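Student: fold the following and give me the result.
(chains A and B)
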Amino acid sequence: MAIGVKVMHRPQPESTSYLRAALSGMALTFRHMVNPVKVTQQYPEEQTELHPRWRGTHVMETHADGRPKCVACGLCPTVCPANCIRLVGGEDDQGNRYPIVYEIDEFRCIFCGMCQEVCPVEAIHVGQHFENAEYTRARFVYDLDRLMEQDHPVTNLWDPSDPTGE
Amino acid sequence: MEPISGVPALIAMALKGPIIFGIVMVVVAYTTLAERRVSAWIQDRSGPNRVGPFGLLQPIADGIKNIIKEETLPATASRFFFILAPILVLVPSLVTFAVIPFAAPLPTPWGVVDMVIADLPIGILYVLAFSSLAVYGVVLGGWASNNKYAFLGGLRASAQMVSYEVSLGLSLIAVLMLAGNVTLTEIIWKQQQLGMWFALPLSLAFILFVISAFAETNRLPFDMPEAESELITGYHTEYSAMKFSAFMISEFGHMVTASAMMATLFFGGWDLPGTWDDAFWYQGQLISGFAADGSVILANPAWWKTLLTFAGFGAKTALFLVLYIWVRWTLPRFRYDQVMSLGWKVMLPTALAYMMLIAGTILTLDTIGMTWGFGYGLALTAVSGAATVAFVFFLDRGRTIAGAAAQRAQRVEVKTIPGAVARAGR
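Tutor: Here you go, the predicted structure:
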């Protein structure tokens, strides 16, 4: 039984001119050498424009008097698929609930944005920001003060003029 | 104008050596940067542009990095030769610059200083001798590493460099016959007297020299010894840190020397167009030419002439360095058999035939009494031009350097093997 070998029929010119091919190649590279196509983005100097729905470093919104908007309802740690939010709620003497501890581990976070979606008072947001490199792993756990200090724009997960999606 | 002598001559010599060595090392360092930047532009990238303005401090950063990196020594390597090899490669590539004149003579209050470290009477022979010594370092490095890839790289280097040395030397014979001397200062002087640079009257020798020099320096398209895709990096696979750097410096040093040689032998060295900068020591006098009655015209050296001619020499060398880089980032690597076939079946016969042609032409021109000058050059240019056109015509027929398709045409097709069929059918 013969073994079937698939033969690819490609165009086979009898001979190719090395010199002409080499010279045309040299001409092509020369054109690029004197006039390179600029495609490289010089990153730290030229910043990328982030998409409005970019989900990055979290931001905790604050009231005018500096208190966090969070009411410690516990929905975000519940919905968080990466289990990266630690929330300990408390209650002041007027019966207002507030977060005693609110920590987000940016290493565990998968930036799905579900905490922002689920928040009833629009307190926690994912932001249009990604440059959060640190020297130690511990610094990646953002506490409440640090979340409130973040001043980059927050993500528009939906149209702000139509918040209920109607 | 008297040549410098005595103690000032010794001081001038002591100054010239280190200064030129320093300049060559800086040029080598910045050739590595130029290679990376030009290759980046060719490929629409930016290249290293972070260290200093336009990345100009990159070679220094590379040097510091290479010095502080760990030196590795393979356990099975031959320790003595492993350490000896980078030295053997580095030294010849740097000492060859000693005989290359780089500017017109400089007048000083103590006499005229020749702008060449050592104007050896053996000139080109010194360059050839030392540049062929480099192959020992490459072979030794490949062998001492005790690595099969490094060993293959060393083997390829020895075969390739020895093969192309032949055509390199033969292509130079034409220059030596025309100049009548092997001293590089006299070769430049003859080009000044001829009224044209040797690239025109010896065009085919120039082409052969460029191709051979590419092969000699192990640059693409002839970089078989380090063929990254096949041999990792060939003979310096096992080297790290400053020993690796020594191999790189020697590769670029060879490039600079070869570029300077091309500029000197075929593009007039430091000579600039016109006769204002011509200068040559003739019977103890610095002359710029001969009058019609045979008496000498004294040269008038000046510091600005030295400076201008030095810039001219630098520009010519830089031009060939850019050519090296440009070719490297354009042409793909030859197959090994193609390199050997080009070297032995094309370059060697062409160089031999061209040597005979030029010898015959020079003999004919001398016999019919043509005087050395522009007309002499034009006659040689015509002959060489015809030879070059013929060479390119025959090379371009796809006979010797052909793609895979032409190789396929040469292959013997075995249609049927009766025994094999019988066995297969059983």
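
Student: may I see the buried residues of the lengthiest helix in chain B?
Tutor: Identified as the longest helix of chain B according to DSSP state H is helix B:6-42. By neighbour count on 16 or more other C-beta atoms under 10 Å in any protein chain shown, the buried set for helix B:6-42 is B:12, B:16, B:20, B:24-25, B:27-42. Placement of C-beta: from N, CA and C, glycine included.

Student: so which of those reach chain A?
Tutor: B:38, B:40-42 (C-beta under 8 Å from any C-beta of the partner chain).

Student: show me where chain A has its helices.
Tutor: A:18-34, A:75-79, A:114-118, A:144-149.

Student: let me know which of those is the nearest to chain B.
Tutor: Across the helices of chain A, chain B has its closest neighbour in helix A:18-34 (4.4 Å, C-beta to the nearest C-beta).

Student: for A:H51, which residues are in contact?
Tutor: A:H51 sits next to A:Q128 when contact means C-beta atoms under 8 Å, 6 or more residues apart in numbering or on different chains.

Student: contacts for the helix or strand hosting B:E230 next, please.
Tutor: Element membership for B:E230 (DSSP states H and E) is helix B:228-231. Outside of helix B:228-231, the residues within contact range by C-beta under 8 Å, 6+ apart are B:149-150, B:152-153, B:156, B:225, B:237, B:333.

Student: what's the following helix or strand after it?
Tutor: helix B:241-266.

Student: what angle sits between that following helix and helix B:6-42?
Tutor: With axes from the mean of the first three to the mean of the last three C-alpha atoms, to 10 degrees applied, the angle from helix B:241-266 to helix B:6-42 works out at 100 degrees.

Student: centre of the chain versus helix B:241-266, how much separation?
Tutor: 8 Å (C-alpha atoms, centre = their mean, to the nearest Å).

Student: show residues contacting the helix or strand that it is followed by.
Tutor: Using DSSP H and E, the helix or strand that follows helix B:241-266 towards the C-terminus is strand B:280-282. Strand B:280-282 has contacts (C-beta under 8 Å, 6+ apart) with B:3, B:114, B:185-186, B:189, B:192, B:286-288, B:296, B:299.

Student: report the buried residues of strand B:280-282.
Tutor: Residues of strand B:280-282 classed as buried by neighbour count (16+ other C-beta under 10 Å): B:280-281.

Student: again, but for stretch B:230-247
Tutor: Neighbour-count burial for stretch B:230-247 [16+ other C-beta under 10 Å]: B:231-239, B:243-247.

Student: next one: stretch B:186-203
Tutor: By 16+ other C-beta under 10 Å, the buried positions in stretch B:186-203 come out as B:186-194, B:196-203.

Student: ok so, going back, quick one, whichever helix or strand comes after the longest helix of chain B and helix B:6-42 angle?
Tutor: Downstream of helix B:6-42, the next assigned helix or strand under DSSP H and E is helix B:58-68. Orientation check (the same axes, to 10 degrees): helix B:58-68 against helix B:6-42 gives 100 degrees.

Student: quick one: contacts for A:R97?
Tutor: For A:R97, the contact set (C-beta under 8 Å, 6+ apart) comprises A:71-73, A:89-91.

Student: switch the cut-off to 7 Å
Tutor: Listed by C-beta atoms under 7 Å, 6 or more residues apart in numbering or on different chains, the contact set of A:R97 reads A:71-72, A:89, A:91.

Student: most neighbours among these, which one?
Tutor: Counting neighbours by other C-beta atoms under 10 Å in any protein chain shown, A:A72 comes out on top of the contacts of A:R97 with 21 neighbours.

Student: I'd say A:M148 and A:V59 touch.
Tutor: No - A:M148 is beyond contact range of A:V59, at 8.1 Å (criterion: C-beta atoms under 7 Å).

Student: and these two? Which one has more around it.
Tutor: Between A:M148 and A:V59, counted using other C-beta under 10 Å, the more crowded position is A:V59 (24 against 20).

Student: what ranges does the stretch 51-200 of chain B have for its helices?
Tutor: Listed from the start of the chain, the stretch 51-200 of chain B has helices (DSSP state H, counting those that start in this stretch) covering B:58-68, B:79-95, B:124-144, B:148-179, B:184-194.

Student: okay, A:V79: pLDDT?
Tutor: On pLDDT, A:V79 comes in at 91.

Student: so how far is B:F310 from it?
Tutor: Noted for A:V79: a distance of 74 Å to B:F310, by C-beta to C-beta, to the nearest Å.

Student: so which elements touch the helix or strand of chain A with the lowest mean pLDDT?
Tutor: One helix or strand of chain A scores below all others by mean pLDDT, DSSP states H and E: helix A:18-34, with a mean of 84. Applying 3 or more C-beta pairs under 7 Å, 6 or more residues apart in numbering or on different chains; DSSP states H and E, one finds that helix A:18-34 makes contact with helix B:6-42, helix B:303-328.

Student: how about CSV for the buried residues of stretch B:230-247, with distance to A:V39 added?
Tutor: Shown next, in CSV, are the buried residues of stretch B:230-247 (distance: C-beta to C-beta, whole Å):
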residue, distance to A:V39
B:L231, 32
B:I232, 30
B:T233, 29
B:G234, 32
B:Y235, 36
B:H236, 33
B:T237, 33
B:E238, 37
B:Y239, 35
B:K243, 37
B:F244, 32
B:S245, 32
B:A246, 36
B:F247, 33
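
Student: returning to what we had before: so A:V79 and B:F310 - more neighbours on which side?
Tutor: Applying other C-beta under 10 Å to A:V79 and B:F310 shows that B:F310 carries more neighbours, namely 17 against 14.

Student: could I get the contacting residues of that one?
Tutor: Counting by C-beta under 7 Å, 6+ apart, B:F310 has contacts B:102-103, B:270.

Student: alpha carbons of the lengthiest strand in chain A, in PDB - could you do that?
Tutor: Selection of the longest strand in chain A by residue count, based on DSSP state E, yields strand A:97-105. What follows is strand A:97-105, C-alpha atoms only, in PDB (Å, rounded to 0.1, in the frame of the first residue of the first chain):
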ATOM      1  CA  ARG A  97     -24.600  53.100  59.000                       C
ATOM      2  CA  TYR A  98     -21.000  53.800  57.900                       C
ATOM      3  CA  PRO A  99     -17.900  51.700  57.100                       C
ATOM      4  CA  ILE A 100     -15.500  51.200  60.000                       C
ATOM      5  CA  VAL A 101     -13.200  49.100  57.700                       C
ATOM      6  CA  TYR A 102     -13.400  49.300  54.000                       C
ATOM      7  CA  GLU A 103     -10.400  47.600  52.100                       C
ATOM      8  CA  ILE A 104     -10.000  46.600  48.500                       C
ATOM      9  CA  ASP A 105      -7.100  44.300  47.600                       C
END
